[in-house]
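Chemist: sharing a model prediction with you, sequence too.
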Amino acid sequence: MKTRTVLVTGAAGFIGSNFVRIFSKRFPKIKIVGVDDFSSGKKSLLDRRIIFYNASVADAKAVEKIFNKHRPEYVFHFAAMPRVSLSVEKPAETTKANIYGTALLLEKSRDYKVKRFVFSSSSSVYGGAKILPTKEGENPPNPVSPYALQKYAGELLCQSFGKLYGLESVCLRYFNVFGPGQYGDSPYSTVMSAWLERLYFPKKGQRPFLEGDGKQSRDFCFVDNAVEANILAFESVREFFGDVFNIAHGERTDLLAVKVLIEEFSGKKLSLKKRPIRLGDVRHTHADISKARKMFGYKPIVSFEAGLQKTVEWFKQRASTRT
Ligand SMILES: NC(=O)c1ccc[n+]([C@@H]2O[C@H](COP(=O)([O-])OP(=O)(O)OC[C@H]3O[C@@H](n4cnc5c(N)ncnc54)[C@H](O)[C@@H]3O)[C@@H](O)[C@H]2O)c1
């Protein structure tokens, strides 16, 4: 039977809004129901054409109402209070959104017989993998922050709902996602978005900074690739019960190289203030993405450089329209 309705949590967030944009184009006949509480999401990112609820995924009444009314067949769960530093500051509040919210959505997915639940997990569950490139099987989870623990708990919940009730689910461990729609204006912003925000929206006394020598590297994942992984997980004819997959480019880039590319694409000089390396920061991340390739055909469809160029263009366009 054809899918009629999907639920997208975090629809006003960075990855969720990109997902809505791409998914609605690819599957114009499927109805999208979105939910977001705007804790970090933006009204400007929300697609007004979808059915939308301004509610928390940790609000049992609201979530029941949404499932009862729309009976989604697939759930794409992007909503979360992300960022390690926020979770260190607010462990209880983030636990409510990130663990309780996920458990509630899984419970409703069980009750309303959802066909598959796609969970946004994170590379942070590795806690600094020992072996690079990181393979899911070789590096057991070692969550060292409340955020990492919350994401790992989400994966374990997906697995137990599979065992207990036969609910199908896929857990996608994204590595450092970037792209249009990622604002850099919060104290919890990722490095790339924070640099671009200050480059295009300079503020007195707030120079962008570089922690350490800039030789630390990340497997930066362009957002369209993360969205593509969700779509492939949705389309796959295999059965999954909480299986975990790395989602990244499968290559790493150091911060100094990112700086050089930003300067090239923007035509501006990015002057960075030096700061000492953050305690507990991992030196390198680099994903092995062969499991996702093998199991549902994932491969990055946009290269790192092309993705960065699109990201710079988005900031440029925002700056020209002051949005
Ligand atoms: N961006 C990354 O690099 C990255 C990496 C790994 C994992 N992830 C995961 O991907 C998902 C999306 O991340 P993002 O980068 O788009 O972040 P984001 O902050 O832009 O999006 C999260 C969205 O969830 C909403 N939200 C938060 N709590 C909510 C609640 N209780 N009820 C309803 N909505 C709520 C926010 O308002 C926001 O719109 C998150 O689950 C995040 O943990 C992101």
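Modeler: Yep, it's here.
Chemist: chain center to the longest helix seen in the chain: distance?
Modeler: Assignment by DSSP state H gives helix 146-165 as the longest helix of the chain. Centroid separation between helix 146-165 and its chain, computed with Cα atoms, centre = their mean, to the nearest Å, is 16 Å.
Chemist: for it, name the packing helices and strands.
Modeler: Using 3 or more Cβ pairs under 8 Å, 6 or more residues apart in numbering; DSSP states H and E as the contact test, the elements touching helix 146-165 are helix 84-89, helix 91-95, helix 101-111, strand 116-122, strand 169-174, strand 241-247. C-beta: built from backbone N, CA, C; applies to glycine.
Chemist: can you mark which positions in it are buried?
Modeler: 146-155, 157-159, 161-162 (16 or more other Cβ atoms under 10 Å).
Chemist: give me the nearest residue to Ile262, chain neighbours excluded.
Modeler: Ranked by Cβ to Cβ, 6 or more residues apart in numbering and with sequence neighbours excluded, the top spatial neighbour of Ile262 is Leu270, at 5.6 Å.
Chemist: what about the one you found, distance to the ligand?
Modeler: For Leu270, the distance to the ligand (Cβ to the nearest ligand atom, to the nearest Å) stands at 20 Å.
Chemist: any idea which element Ala233 lies in?
Modeler: helix 223-235 (DSSP states H and E).
Chemist: by how many degrees do that helix and strand 241-247 diverge?
Modeler: 160 degrees (axes from the mean of the first three to the mean of the last three Cα atoms, to 10 degrees).
Chemist: offset the numbering so it begins at 347, please.
Modeler: Renumbered: residue one is now 347, and that last one reads helix 569-581.
Chemist: who touches helix 569-581?
Modeler: Identification of contacts with helix 569-581 by Cβ atoms under 8 Å, 6 or more residues apart in numbering yields 352, 360-361, 364-365, 368-369, 372, 420, 422, 462, 464, 516, 518, 520, 523-528, 586, 591, 593-595, 638, 642-644, 646-648, 653.
Chemist: stretch 577-585 and the ligand in contact?
Modeler: No: using Cβ under 6 Å from any ligand atom, stretch 577-585 stays clear of the ligand, with a minimum separation of 13.7 Å.
Chemist: next, the buried residues of that stretch.
Modeler: Applying 16+ other Cβ under 10 Å to stretch 577-585 flags 577-580, 582 as buried.
Chemist: span of that stretch from start to end?
Modeler: 15 Å (Cα to Cα, to the nearest Å).
Chemist: for that stretch, the distance to its chain's centre please.
Modeler: 18 Å.
Chemist: contact residues of the stretch 497-646 of the chain facing the ligand?
Modeler: 520, 522-523.
Chemist: low-confidence ranges, the protein, go.
Modeler: Scanning the chain for pLDDT under 70 picks out the ranges 347.
Chemist: could you list the domains of it?
Modeler: Following automatic domain parsing, the chain resolves into domains at 351-524+566-596+634-647, 537-563+598-629+652-667.
Chemist: nothing else from me, thank you.
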